[in-house]
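S.K.: turn this into a model:
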Amino acid sequence: MRTAKTVVESPHFVIRAVECEDDHTRWSAPETSPVAEIVLVRRGRFRLDCRGGRVMADPTTGYVHRPGDEVRFAHPAGGDACTSVSFAGGALTAGTPAGPRLAVRVDARLELAHRLLLRTGADRAFAAAEAVLGLLLLVLREQPDALPAPGRKALADRAREAIAAGEPDGADLVALARLLETSPAHLSRTFRHHTGMSVSRYRNRVRISRALARIDEGETDLAGLAVGTGFSDQAHFTRVMRDVLGRTPGRVVRLLGGGLSRDGGARVSTRTP
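M.R.: Numbering: from 1, shown residues only. Predicted coordinates for the structure are as follows:
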């Protein structure tokens, strides 16, 4: 079952918070969207089939589809929560490239912009429109190239799934390669080619994504959050977040404020000034 709540609606774009409770490995019936759309994941993961390509969407990988694209979905890992930004007409997308790209690599800066997008408030004409444009520019940045790979994309996808699922048998590079029945060197080269980053950096990216989600829900205990998301201590957590996001955890807590409710609406903070 899929539910969608409209967060901001204007004549040029609509931002929706989408919750999906599906749990199946088979592909859904094809769907066609009449408008261009960016979809970014806040929680969970699922598979997408579109234009002859397949993407595993999770907080580190979103997707863009064009008007008229036929899409199918599979949810082998259970439910998920996403943000959909659809564009009516071409006013906001005018002058932007309309290339064939499907998958979008989501770094920590884009994920933070995505989460802040849900807090743009009622100023649809300016604040929300500028936030959407800022998100669009991040989405359209140069992505990893499409040169012939040293290995199949399926191997990189399986590695991403194992890391996202926290597979205990893949706790380090050697163990992960053994789990995937390949060599560490081959896994490392293939993963970097298809994702644009090392396995280590991707693992930290997943950890920071989990931390952002918990801060988004109101978590303020940074020491506990560091340990709970797999970092050795708070100092390690702070170094990695500053490296991938350019901000400290304390600064992110202040930016995300009182957190979000499950349906994507901002909660009102009860803290006194």
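S.K.: from here on, just use CA atoms for contacts and neighbour counts.
M.R.: Will do.
S.K.: quickly find the element holding residue 3.
M.R.: With secondary structure defined by DSSP states H and E, residue 3 is part of strand 2-9.
S.K.: domains in this structure, by residue range?
M.R.: 2-139, 152-195, 201-273 (automatic domain parsing).
S.K.: how about CSV for these, with mean neighbour count added?
M.R.: Below are those laid out as CSV (neighbours: other Cα atoms under 10 Å):
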stretch, mean neighbour count
domain 2-139, 18
domain 152-195, 17
domain 201-273, 17
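S.K.: now the ones you listed as TSV including mean pLDDT?
M.R.: Formatted as TSV, the domains of the chain follow (pLDDT from 0 to 100):
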stretch	mean pLDDT
domain 2-139	87
domain 152-195	88
domain 201-273	83
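S.K.: now do the contacts for residue 247.
M.R.: When the contact criterion is Cα atoms under 8 Å, 6 or more residues apart in numbering, the partners of residue 247 are residue 241.
S.K.: which phi and psi does it have?
M.R.: Main-chain dihedrals, residue 247, degrees, to the nearest 10: phi -140, psi 150.
S.K.: for residue 89, see how far away it is.
M.R.: 35 Å (Cα to Cα, to the nearest Å).
S.K.: quick one on the thing from earlier: hey, C-alpha coordinates of the strand holding residue 3 in CSV?
M.R.: This file holds the C-alpha atoms of strand 2-9, laid out as CSV (Å, rounded to 0.1, in the frame of the first residue of the first chain):
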residue,chain,number,x,y,z
ARG,A,2,1.3,3.5,-0.9
THR,A,3,0.2,6.7,0.7
ALA,A,4,1.3,10.3,-0.3
LYS,A,5,0.9,13.5,1.6
THR,A,6,1.3,16.8,-0.3
VAL,A,7,3.8,19.0,1.6
VAL,A,8,4.0,21.9,-0.8
GLU,A,9,2.1,22.5,-4.0
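S.K.: can you give the distance from the helix or strand following it to the centre of its chain?
M.R.: With elements assigned by DSSP H and E, the helix or strand that comes after strand 2-9 is strand 13-20. Distance, stretch centre to chain centre, for strand 13-20: 14 Å (Cα atoms, centre = their mean, to the nearest Å).
S.K.: strand partners (parallel or antiparallel) of the helix or strand following strand 13-20?
M.R.: Downstream of strand 13-20, the next assigned helix or strand under DSSP H and E is strand 31-32. Here strand 31-32 has these sheet partners by DSSP bridges: strand 70-74 (antiparallel).
S.K.: show me where the stretch 151-273 of the chain has its strands.
M.R.: Applying DSSP state E, counting those that start in this stretch to the stretch 151-273 of the chain gives no strands.
S.K.: can you pull out the helices in it?
M.R.: Along the stretch 151-273 of the chain, counting by DSSP state H, counting those that start in this stretch, helices occupy 153-165, 173-179, 184-195, 199-216, 222-228, 234-245, 249-256.
S.K.: turn these into CSV, columns for distance to residue 123.
M.R.: Shown next, in CSV, are those (distance: least, Cα to Cα, whole Å):
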stretch, distance to residue 123
helix 153-165, 36
helix 173-179, 47
helix 184-195, 36
helix 199-216, 21
helix 222-228, 32
helix 234-245, 26
helix 249-256, 18
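S.K.: which of these sits closest to residue 55?
M.R.: Nearest of these to residue 55, taken as Cα to Cα: helix 153-165 at 8.5 Å.
S.K.: which residues does the closest one contact?
M.R.: 56, 170, 176, 180, 187, 190-191, 194-195, 203, 206.
S.K.: one more pass at 7 Å, please.
M.R.: If you take Cα atoms under 7 Å, 6 or more residues apart in numbering as the criterion, helix 153-165 is touched by 190-191, 194, 203, 206.
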